[in-house]
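Asker: Sequence and predicted structure, then a few things I'm wondering about:
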Protein chains: 2
Amino acid sequence: MVTATRSPSPETASADPAEPTARQAAVLDAVLALMQEKGGQLTMTAVARRASCSKETLYKWFGDRDGLLTATVQWQASRVRAGRYDRQKLDGSSLRDSLKDFAATWLSVISSPTSIALNRVAITDAGSREGNLGQIVLENGRFAIGARLKPVLEEGRAAGLLAFDDTEAAFRSFFGLVGRDVQIRLLLGDALTLGKAEIARDAAIATDQFLTLYGRTAQKPAAA
Amino acid sequence: MVTATRSPSPETASADPAEPTARQAAVLDAVLALMQEKGGQLTMTAVARRASCSKETLYKWFGDRDGLLTATVQWQASRVRAGRYDRQKLDGSSLRDSLKDFAATWLSVISSPTSIALNRVAITDAGSREGNLGQIVLENGRFAIGARLKPVLEEGRAAGLLAFDDTEAAFRSFFGLVGRDVQIRLLLGDALTLGKAEIARDAAIATDQFLTLYGRTAQKPAAA
DNA sequence: GATGAGCCGTACCGTACGTTACGGTTCGGT
DNA sequence: ACCGAACCGTAACGTACGGTACGGCTCATC
């Protein structure tokens, strides 16, 4: 927890899941960097050395190791706020573009070294103890994108462009078509690389497939 | 490694990734049980206590902790050899049934506590060190099912039931439609439960969606 | 210029765990 | 009956790491 359990002075204070100090942000960036480089051996000593701060400071700011990890996850989540997609005219073409953007953004996120490392840590944490890191990652990953995409889907339905009963089910199909085996393979260490062009292509294919399944008008199936 | 680096006597010997002794299998079952119950805290002492064997024996049989985990993964993989699907007449109906069975089997596997625990361990391992556990899990999971499903897809194409250029791409779409967000949610600790009926329903929906995308004849789209 | 808060660097403590060592027991072979 | 191999239970060792304590430095404030 940033500005931990009971901070005696309101110096760097703010709400609980809130803005870290610039210095604190630097520490969290160090954590992210170490996660990617060294993997699981995320030791407090290593973080302190990398961030050029003392362990005492780490514990004062974040409480304990779990608090540091939690703050790191939230810090990373706070900057993956890409794409707004406020309602536009919403014809078939703009809907398709929105979905493609969502798909490409999502593929970029899950294939980034940062996301992979973060998810690995969270999964490890979810496996043992009472760790809530998994839930936090889920909240800021899978569920966040769902919450942002569903309004788009429902606007598409309202505009007569899409047909489905269950928004959640439709989203999960989209999620599957886009992600396929990418995330699990990367998490398990498979040497799968996704370039920008590849992501754009896969996003387009997945979007077309989704429109084939859920579009009200016939779409050209992408039998790649 | 079962019967480790240099086994002085060929007592329980066999090939390297091969059949463990009944006693050794009991030990590996204990590891699997502990993985599910205790999560990450997979200590050698706990394994020895659970399996009623000495730590010395564990080290003699498996070399080190990594060897024990590797043997466990392979042991588990060796018994998930379900479904043969040798070529049959292969009309539209039997193809659909085969795909549905594949989908249901796969969903059952990835939602089983054993698979979740095993994948968590492998992902943790993939994140740190030189661990090859991730590759082993990938080999016996994602890639194994791909190798078994692709012939079915290609027979379907040969029979004029399916249309695709890239078998791998077609399989990955099927994989995504079936798995969607299930595995990542479970790995991250989400309380998602899949009953038999739910699995059967989801497998059918995913299969129909796949056939809509890749079937040569029109299929009824399942807009659930 | 003195004062005190915040922080860096490092030494230190306690514990958990991987790994090794050892005494005692069981059991198949001779 | 004897021998040796395999194995169990447990103690012991070394290390890594989370967490704490402390001395010294910097710097804003008065």
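Answerer: It's in.

Asker: Counting neighbours, what do you get for A:Thr105?
Answerer: Look at A:Thr105: counted by other Cβ atoms under 10 Å in any protein chain shown, it has 18 neighbours. Using the backbone N, CA and C atoms, a C-beta is placed for each residue, glycine as well.

Asker: how close does it sit to B:Ser173?
Answerer: Here A:Thr105 is placed at a distance of 20 Å from B:Ser173 (Cβ to Cβ, to the nearest Å).

Asker: residue contacts, A:Thr193?
Answerer: Neighbouring residues of A:Thr193 by Cβ atoms under 8 Å, 6 or more residues apart in numbering or on different chains: A:Ser111.

Asker: now do 10 Å
Answerer: For A:Thr193, the contact set (Cβ atoms under 10 Å, 6 or more residues apart in numbering or on different chains) comprises A:111, A:186.

Asker: wait, what's in contact with A:Ala104?
Answerer: Contact analysis of A:Ala104 by Cβ under 10 Å, 6+ apart lists A:83, A:178, A:196, A:199-204, A:206-207.

Asker: Quick check: chain neighbours aside, which residue is closest to A:Met44?
Answerer: A:Lys55 (5.6 Å; Cβ to Cβ, 6 or more residues apart in numbering or on different chains).

Asker: Return the residues of chain A in contact with DNA strand D.
Answerer: Where chain A comes near DNA strand D, counting by Cβ under 7 Å from any atom of the strand, the residues are A:41-45, A:54-56, A:59, A:64-66.

Asker: quick check: domain ranges of chain A?
Answerer: Annotated domains of chain A cover A:22-78, A:92-214 [automatic domain parsing].

Asker: of the residues of chain A next to DNA strand D, closest to A:Leu186?
Answerer: A:Leu42 (18.6 Å; Cβ to Cβ).

Asker: and that closest one, that one's in a strand?
Answerer: No. Counting by DSSP: H, G, I helix; E, B strand; the rest coil, one finds A:Leu42 to be coil, located in no strand.

Asker: Low-confidence bits of chain A, can you list those?
Answerer: For chain A, the stretches with pLDDT under 70 are A:1-18, A:82-88, A:129, A:217-224.

Asker: Work out the gap between stretch A:134-150 and the centre of the chain.
Answerer: Chain-centre distance of stretch A:134-150: 7 Å, with Cα atoms, centre = their mean, to the nearest Å.

Asker: what's the span of that stretch, first residue to last?
Answerer: Start to finish, the residues bounding stretch A:134-150 are 22 Å apart (Cα to Cα, to the nearest Å).

Asker: do that stretch and chain B meet?
Answerer: Yes. Counting by Cβ under 10 Å from any Cβ of the partner chain, chain B is contacted by stretch A:134-150 at A:134-139, A:141-143, A:145-146.

Asker: cool, and stretch A:171-179?
Answerer: Yes. Counting by Cβ under 10 Å from any Cβ, chain B has neighbours in stretch A:171-179: A:171-179.

Asker: center of chain A, which residue is that?
Answerer: Using Cα atoms, centre = their mean, the residue of chain A that lies closest to the mean C-alpha position is A:Gly141, 3.6 Å off.
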